[in-house]
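Peer 1: here is a sequence with its predicted model. Questions after.
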Amino acid sequence: MAMKPSSSRLAADTALTTFVCLLMAFLYVPIWVLIAFSFSSSRSLTWPIPGFTLDWYRKLFANADLLAAVGNSFYVAICASLLALAVGIPAAMALHRYDFWGKTLFRRLILLPITLPGIVTGISMLNMFRLFGFSQSLETVIFGHATALLGVVVTQVFARLQRLPKSLEEASYDLGAGPARTFFRVTLPNISSAVVGAGLLSFVLSFDEIPVTFFLTGRDNTLPMYIYSTLRRGVTPEINAVGTLIVLATLVLIIISVVLSRDRTPR
Amino acid sequence: MNRKLSAALVLGIPLAWVVVFMLLPYGIIVTYSFWVKTYPTFKPAFQFGNYLTLATDPQYLQVLGRTLKISALTSLFSLLLAYPFAWWLVFRCPSQALRTWAYMAVIAPLWVSYLLRAYIWKTILGTEGILNSFLMSAGITSEPSSLFLYNQFAMVVTLTYIFIPFMVMPIYTALERIPANLSEASADLGMGPVQTFLRVTLPLSAPGIAAGFTLTFCLSFGDFIAPFLVGGPDGNLIASVIQTQFGSALNWPLGSALSIVMLVIVLGIVSLSDRIEAKAQTGAA
């Protein structure tokens, strides 16, 4: 490859590097814009920013509706990801271990919500809940999210199970441990990094979810639904302040997940 | 607890969940899609009127066409941006540390609220937004232009911005799996870099492209946030129409029929892409 005196190759590489930098700018300039506007003293979002203020953050922490929405989001995201794990781990184990009638359909159905737009999941579950006389509430949202997130959990846990030697569980049975004990003392500790990862991802996705929530929630708003309804009324820098805090929280979560995965890989 | 009981639990819990929360709800919308609207509610029936309306009313065909166009453009632009980036990451990135960071940097926005990432573009593209202020201060335009926001261009930009990570991930994985000695062999056999790319790298990364295209296409196909925030009057997509049928229009049967159409299209695309991936894998082996 080094035979050609490649000035053309150098030019191509320079062009590519420039492209990569531009792509990074495309991805990150908007986020900086969001952060910058959260400190703007003007109500309208015009550039350049006329002055610096922390008022929007003060307003945000005095906004009872918004704080209630944050609380609801935590409630929904925690319950939904725990539920998705409780159903998703056995589902991944079933797919890994057993052959049964309808297995292909079962796998396809579980993985479907990854590509299926949330609106279809939301509407179909809304129809069902209404038919059986359940009115919409945060709890129906939890069931909706858990269903939508099942595919995420199953994909991650299944991938980890495939790398787990079968001999471990067999040894546990040979030593006289029952299935429950084998699961909690052998299987679960060995797939724990995938379980934590899947749980964290489910939490973030549920915290951020709109289409399913839109159809399944009653009076109570989650944070994204609250933002969605304020956007209907118009745009204020308060939204940017919320956004900045979300970006900050996201950064912390990413660092945590990187550190966690780093701790686990060497073992 | 014996082994039979545990097997029943491991199989039973997820099976029951799938039946109650997926098969049953899908069955219900299929049923509703045959019902008749009788203002202000709807009654059971078995007729194809709703599907007939969707197939003949130009209003719905237009929305369907527009949605397909926007999703196709979004996937295409995501591909054009993601592929060179993923290729750079795998083949030209100077160090492993930089590679990890650059990959993380592209994936990280997925964790930041999807709604906010769409909303930012409303503030950037608006008449008082950054883009207009920049163009005016640079002397390129003399007055704020309303050309950027509330149209299909704005939707494609916003959706591309949101869904790029879904394109980068599978393409990166596919490129990373290509053994380095293949392109060396190709070079030794006298092929130029362009030929090597077209005849070795590109075909081998096809499964990644198919997976990324499927994800971005299906996700933008069902989006109603971008039309709501940056779409404007001629920017209704299918999902916004479904939303209206279940909201103010109160026509659940028609909304259900539209959801079924969406479900069928998504299933079609997924199985098509599965076939492409399977074909590429048997071809490689």
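Peer 2: Yes, it's here.

Peer 1: chain center to stretch B:79-91, what's the gap?
Peer 2: Counting by C-alpha atoms, centre = their mean, to the nearest Å, stretch B:79-91 is centred 18 Å from the centre of its parent chain.

Peer 1: who touches it?
Peer 2: A:16-17, A:19-20, A:23, A:26, B:99, B:102-103, B:106, B:160, B:164, B:167-168, B:171-172, B:175-176, B:178, B:201, B:205, B:208-209, B:212-213, B:216 (C-beta atoms under 8 Å, 6 or more residues apart in numbering or on different chains). Bear in mind the C-beta positions are built from the backbone N, C-alpha and C, glycine included.

Peer 1: pull out the buried residues from these.
Peer 2: A:16, A:20, A:23, B:99, B:102-103, B:106, B:160, B:164, B:167-168, B:171-172, B:175, B:178, B:201, B:205, B:208-209, B:212-213, B:216 (16 or more other C-beta atoms under 10 Å in any protein chain shown).

Peer 1: the residue in the stretch 51-200 of chain A positioned nearest to chain B: neighbouring residues, count only.
Peer 2: Going by C-beta to the nearest C-beta, chain B is nearest to residue A:117 of the stretch 51-200 of chain A, at 1.9 Å. By other C-beta atoms under 10 Å in any protein chain shown, 25 other residues sit near residue A:117.

Peer 1: give me every residue that touches the closest residue to it other than its chain neighbours.
Peer 2: Distances taken as C-beta to C-beta, 6 or more residues apart in numbering or on different chains place residue B:222 nearest to residue A:117, at 1.9 Å, with adjacent residues excluded. Residues near residue B:222 by C-beta under 8 Å, 6+ apart: A:116-120, A:211, B:238-239, B:262, B:266.

Peer 1: thought residue A:85 was touching residue A:152, still the case?
Peer 2: No - in this structure residue A:152 lies outside contact range of residue A:85 using C-beta atoms under 8 Å: 10.3 Å.

Peer 1: touching both of the two, which residues are there?
Peer 2: Common neighbours of residue A:152 and residue A:85 (C-beta under 8 Å, 6+ apart) are A:198, A:202.

Peer 1: from residue B:111, how far off is the residue most central in space within chain A?
Peer 2: Geometric centre of chain A, nearest residue: residue A:205, 2.2 Å, by C-alpha atoms, centre = their mean. For residue A:205, the distance to residue B:111 equals 9 Å [C-beta to C-beta, to the nearest Å].

Peer 1: follow-up on the earlier one: need the contact list for the residue of the stretch 51-200 of chain A closest to chain B.
Peer 2: By C-beta under 8 Å, 6+ apart, residue A:117 lies in contact with A:211, B:218-219, B:221-223, B:239, B:262, B:266.

Peer 1: so for it, what's the pLDDT?
Peer 2: pLDDT recorded at residue A:117 is 88.

Peer 1: phi, psi of the residue nearest to residue A:117?
Peer 2: Main-chain torsions, residue B:222, degrees, to the nearest 10: phi -100, psi 20.

Peer 1: gap between stretch A:181-192 and the chain center?
Peer 2: Relative to its chain's centre, stretch A:181-192 lies at 25 Å (C-alpha atoms, centre = their mean).

Peer 1: got the buried residues for the host helix or strand of residue A:239?
Peer 2: Residue A:239 belongs to helix A:237-264 when assigned by DSSP states H and E. Residues A:237-244, A:246-247, A:250, A:253-254, A:257 are the ones in helix A:237-264 that count as buried (16+ other C-beta under 10 Å).

Peer 1: try stretch A:178-187
Peer 2: A:179, A:182-183, A:186-187.

Peer 1: just stretch B:124-136 next, same as before
Peer 2: Buried, per 16+ other C-beta under 10 Å, within stretch B:124-136: B:124-127, B:129-132, B:135.

Peer 1: could you export it as CSV, CA atoms only?
Peer 2: What follows is stretch B:124-136 as a C-alpha-only set of coordinates in CSV (Å, rounded to 0.1, in the frame of the first residue of the first chain):
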residue,chain,number,x,y,z
ILE,B,124,-32.0,26.4,15.6
LEU,B,125,-34.0,26.5,12.4
GLY,B,126,-36.6,29.1,13.4
THR,B,127,-36.8,32.7,12.1
GLU,B,128,-35.2,34.0,15.2
GLY,B,129,-32.9,30.9,15.5
ILE,B,130,-29.2,30.5,15.3
LEU,B,131,-29.0,29.6,11.7
ASN,B,132,-30.8,32.8,10.6
SER,B,133,-28.8,35.0,13.0
PHE,B,134,-25.6,33.4,11.7
LEU,B,135,-26.6,33.9,8.0
MET,B,136,-27.5,37.5,8.6
